[in-house]
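Novice: Okay, here's the prediction I keep looking at, along with the sequence it came from:
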Amino acid sequence: MNPKQAETYEKGRTFGWLTVIRQYQGIRPLGRTGIRYKLRCKCGAEHDVSYENLRYGRVIACRRCSREARREEMEG
């Protein structure tokens with residue numbers, strides 16, 4: 001998706017166990033740029049995640065918490 005067309009997520013919005021801290025323009029492989037987000041997990045860990053991974057629900061928690069978060073998501 002073209003970054004100009006991408007929806008932006010505001011500070012404080014949550015995705016599973018992750019909360020948006022800030023948005024920035026990151027450099028992707030082959031020198032292309034793309035929207036990335038700095039996120040904080042419920043456990044306190046911070047991670048950088050691409051717009052696409054948030055949009056399509058590929059990331060909902062940090063690596064340490066992802067198994068538990070997926071289980072919680074499946075249960076309802």
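Specialist: Done, it's in. Please read all numbers here as calculations on a predicted model, not as lab measurements.
Novice: Surely Lys11 and Arg22 touch.
Specialist: Yes - contact criterion CB atoms under 8 Å: Lys11 and Arg22 qualify, at 6.4 Å. Every C-beta, even on glycine, is put in place using the N, C-alpha and C of the backbone.
Novice: quick one, helices of the protein?
Specialist: Applying DSSP state H to the chain gives helices spanning 51-55, 66-75.
Novice: Number of residues surrounding the closest residue to Val59 other than its chain neighbours?
Specialist: In space, and not counting its chain neighbours, Val59 is closest to Asn53: 4.6 Å by CB to CB, 6 or more residues apart in numbering. Per other CB atoms under 10 Å, the neighbour tally for Asn53 reads 14.
Novice: Distance of Asn53 relative to Glu75?
Specialist: Remark: distance between Asn53 and Glu75 (CB to CB, to the nearest Å) = 23 Å.
Novice: burial measure for Ser50, as a count.
Specialist: For Ser50, the neighbour count with other CB under 10 Å is 16.
Novice: correct me, but it touches Lys38?
Specialist: No - under the criterion of CB under 8 Å, Ser50 is not in contact with Lys38, lying 11.7 Å apart.
Novice: buried stuff in stretch 25-40?
Specialist: Gly34, Ile35, Arg36, Tyr37, Leu39, Arg40 (16 or more other CB atoms under 10 Å).
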